[in-house]
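A.B. asks: only geometry, no sequence info:
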């Protein structure tokens with residue numbers, strides 16, 4: 001992960017979190033930020049293609065909105081498939097450095113927040129970044145993906 005950041009020209013901001021970062025709420029408490037500033041790197045599947053969604057920690061992704069963007073039905077893959085296509089275990093999926101380059105979208109709510117914190121390849125490491133840097137790093141496209149409660 002560190003090599004992927006450096007190769008992309010991103011500053012090495014990876015740190016070992018002082019406490020658990022397995023959930024967005026735990027990560028926010030550990031990093032002293034809001035849950036919204038935590039990036040959830042979610043992997044979906046369209047056929048055999050991985051789809052990465054970089055979502056704000058407070059948002060749930062609307063599967064119908066994602067399917068419309070992807071142009072096909074999306075499914076939540078199992079942990080073994082996520083590890084096989086990304087190289088990361090669930091809970092530590094980083095936004096970059098995937099074994100198989102994913103299609104990628106960024107939750108547009110992240111554009112108003114800075115700084116942001118994302119998993120750095122393990123549940124114990126995070127890195128500081130911004131939405132604009134993530135767009136450059138991942139090739140993600142901003143989109144309205146937040147599930148709106150009824």
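C.D. replies: Here it is on my side, so go on. The structure displayed is predicted, hence computed values, not measured ones. Residues are numbered from 1 along each chain as shown.

A.B. asks: Can you tell me which residue sits nearest the middle of this protein?
C.D. replies: A centroid search over the chain (CA atoms, centre = their mean) returns residue 41, at 2.0 Å, as the residue closest to the centre.

A.B. asks: Wait, a strand at that residue?
C.D. replies: Yes: counting by DSSP: H, G, I helix; E, B strand; the rest coil, residue 41 is found in a strand.

A.B. asks: residue contacts, the nearest residue to it once chain neighbours are set aside?
C.D. replies: Distances taken as CB to CB, 6 or more residues apart in numbering put residue 93 closest to residue 41, at 4.3 Å, once the chain neighbours are dropped. C-beta here means a position set from N, CA and C on the backbone, and glycine is covered the same way. Neighbouring residues of residue 93 by CB atoms under 8 Å, 6 or more residues apart in numbering: 41-43, 82, 86, 119.

A.B. asks: secondary structure class for residue 93?
C.D. replies: Residue 93 is classified as coil under three-state DSSP.

A.B. asks: What pLDDT does the model give it?
C.D. replies: Predicted confidence (pLDDT) for residue 93: 93.

A.B. asks: by contact count, what packs against the helix or strand hosting residue 80?
C.D. replies: Assigned by DSSP states H and E, residue 80 falls within helix 79-86. Secondary-structure packing of helix 79-86 (3 or more CB pairs under 8 Å, 6 or more residues apart in numbering; DSSP states H and E): strand 39-46.

A.B. asks: For the strand it packs on, the averaged confidence score.
C.D. replies: When pLDDT is averaged along strand 39-46, the result is 96.

A.B. asks: same thing with stretch 114-134?
C.D. replies: For stretch 114-134, the per-residue pLDDT averages 93.

A.B. asks: Distance from the chain centre to it, please.
C.D. replies: 8 Å (CA atoms, centre = their mean, to the nearest Å).

A.B. asks: residues making contact with that stretch?
C.D. replies: The contact list for stretch 114-134 (CB under 8 Å, 6+ apart) reads 1-2, 5, 10, 12-17, 20-22, 27, 30-31, 33, 37-39, 41, 54, 88-89, 91-95, 97, 106, 110-111, 113, 137, 140, 142.

A.B. asks: now do stretch 56-73
C.D. replies: In contact with stretch 56-73 (CB under 8 Å, 6+ apart) are residues 24-25, 27-28, 34-40, 42, 44, 46-47, 51, 53, 55, 74, 103, 105, 107, 109-110, 113, 141, 143-148.
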